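# fold the following for me, if possible:
(one chain, ligands or ions: 1)
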Amino acid sequence: MKLVPGPASIELASKVSSMLNLKLTELEHKAFPDSESYFRYAESVKDEDVVILQGTHPPQDKHIVQLCLLSSGAKDLGAKSVVAVVPYLAYAKQDRRFKEGEVVSIDTILNILKQSGVDRILTVNVHAPWVIDRSPIPIENIDAIGILATYILKMNFKRPFVLAPGKKGEEMCAVAAKVLDAEYGAIKTRRDVNTGAVEISLENVNIENKDVILIDDMISTGGTMVKSVRALRSAGARRIIVGCVHAIMIDNADGKILSSGADTIVATDTVPNKYAFVSVAGLLVERLLRL
Ligand code: R5P
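The predicted structure follows:
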């Protein structure tokens, strides 16, 4: 097996490499003056099972193209198989046609990856898990909510209550609440398909004087979290811990969340970020060994 460190996920690839006791494949990478990516496999991948670790967080388009180049290049050089480990899979938010005429981006991305020689995708908390059933490539989706909650558990709570926004919220809460031995509920959200603005509502949730662990699969602009944190503060929450798997954090999202009243942010390292106190490397290694 060859483990190829994609430029988007060098640090995570190094962790996986040391856990597997497998050295990283030598790869020459540079950017041409016009910023196009150049790659050269500096060691043979012929007849090898190649694992490429490359997240597709921002800049998504660039990271996806790099993944395609690495995958098709490996196949062109005789690789037996390619597994793409994509800790954050981009474009999964556009998983359907919300408005007439829209492009269903995730389907296109998965088709492009297939055409580029990817045989299997290993990802973490894919935003729209229902795309797995219709994907042209087998996708293994790893849930990191459990390890996130295990880390949060160390933070001594008074009457912990787990909440999460959106339709996958209750499912995520159930997983985290089990680890934290906490009560849980869900926050209803409604997103405007034109503006992207989100409305939230806290219904039948009593969090007065409780420590709230607010989790989500991802934080992008932070809009959902800021609104949730404000609502929780008004409802009398004691401490608010924000946890997410994918900390995309566009436009100072973290600053906005903290200044809206959250006490702490905890994230995983699927996307390089300063709140990555929890590593998904162990989960990836476990799954790779099973493959
Ligand atoms: C929605 O379905 C997700 O779980 C997140 O709540 C959402 O993607 C977060 O986006 P933003 O940070 O831009 O509000």
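# right, is the biggest helix by length in the chain up against the ligand?
Scanning the chain for the longest helix, with DSSP state H as the assignment, gives helix 60-76. No - shown here: helix 60-76 not in contact with the ligand (C-beta under 6 Å from any ligand atom), separated by at least 13.9 Å. Where C-beta positions appear, they are placed from N, C-alpha and C, glycine not excepted.
# dump the residue contacts of the closest residue to residue 96 other than its chain neighbours.
Spatially, and ignoring its direct neighbours in sequence, residue 96 is nearest to residue 104 (6.1 Å; C-beta to C-beta, 6 or more residues apart in numbering). Applying C-beta atoms under 8 Å, 6 or more residues apart in numbering, we find residue 104 in contact with 94-97.
# just put the residues you listed in a markdown table and tack on distance to residue 110.
Below are the contacts of residue 104 laid out as a markdown table (distance: C-beta to C-beta, whole Å):
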| residue | distance to residue 110 |
| --- | --- |
| 94 | 12 |
| 95 | 11 |
| 96 | 14 |
| 97 | 16 |
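# out of those, list just those in strands.
Within these, no residue falls in strands by DSSP state E.
# are any of those residues buried, and which?
Among those, those scoring as buried are 94-95 (criterion: 16 or more other C-beta atoms under 10 Å).
# make CSV out of the contacts of residue 104 and add pLDDT and distance to the ligand.
Shown next, in CSV, are the contacts of residue 104 (pLDDT from 0 to 100; distance: C-beta to the nearest ligand atom, whole Å):
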residue, pLDDT, distance to the ligand
94, 95, 12
95, 94, 10
96, 94, 13
97, 96, 17
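# from the contacts of residue 104, which is closest to residue 47?
The closest of the contacts of residue 104 to residue 47 turns out to be residue 95 (C-beta to C-beta; 36.2 Å).
# how far does stretch 154-167 sit from its chain's centre?
20 Å (C-alpha atoms, centre = their mean, to the nearest Å).
# mind listing what's buried in it?
157, 160-166.
# give me the subset of those touching the ligand.
165-166.
# can you tell me which of the buried residues of stretch 154-167 is nearest residue 59?
For those, the nearest to residue 59 is residue 166 (25.2 Å; C-beta to C-beta).
# in helices, which of the contacts of residue 104 fall?
Per DSSP H, the contacts of residue 104 never map to helices.
# check what pLDDT the residue of the stretch 51-200 of the chain found nearest the ligand gets.
At 4.0 Å from the ligand, residue 166 is the closest residue in the stretch 51-200 of the chain, using C-beta to the nearest ligand atom. At residue 166, the predicted lDDT confidence score is 84.
# identify the residue nearest it in space, chain neighbours excluded?
residue 189 (4.9 Å).
# just to revisit the earlier point, ramachandran coordinates for the residue nearest to residue 96?
Main-chain torsions, residue 104, degrees, to the nearest 10: phi -90, psi 90.
# give me the contact list for the lowest-mean-pLDDT helix or strand in the chain.
One helix or strand of the chain scores below all others by mean pLDDT, DSSP states H and E: strand 198-201, with a mean of 86. Residues outside strand 198-201 that contact it (C-beta under 8 Å, 6+ apart) are 165, 187-192, 223-224, 227-228, 231.
# repeat that for 10 Å
Contacts to strand 198-201, defined as C-beta atoms under 10 Å, 6 or more residues apart in numbering, come from residues 165-166, 187-192, 221, 223-228, 230-232.
# and the buried residues of stretch 154-167 as CSV, adding distance to residue 240 and secondary structure?
What follows is these, written out as CSV (distance: C-beta to C-beta, whole Å; DSSP: H, G, I helix; E, B strand; the rest coil):
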residue, distance to residue 240, secondary structure
157, 11, coil
160, 11, strand
161, 10, strand
162, 12, strand
163, 9, strand
164, 13, strand
165, 13, strand
166, 17, coil
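# residue 1 contacts residue 82, doesn't it?
No - the criterion here is C-beta atoms under 10 Å, and residue 1 misses it with residue 82 at 11.3 Å.
# anything in contact with each of the two?
Counting by C-beta under 10 Å, 6+ apart, the residues touching both residue 1 and residue 82 are 48-51.
# for stretch 185-204, measure first residue to last.
8 Å (C-alpha to C-alpha, to the nearest Å).
# identify each buried residue in that stretch, please.
Applying 16+ other C-beta under 10 Å to stretch 185-204 flags 185-187, 189, 191, 198, 200, 202 as buried.
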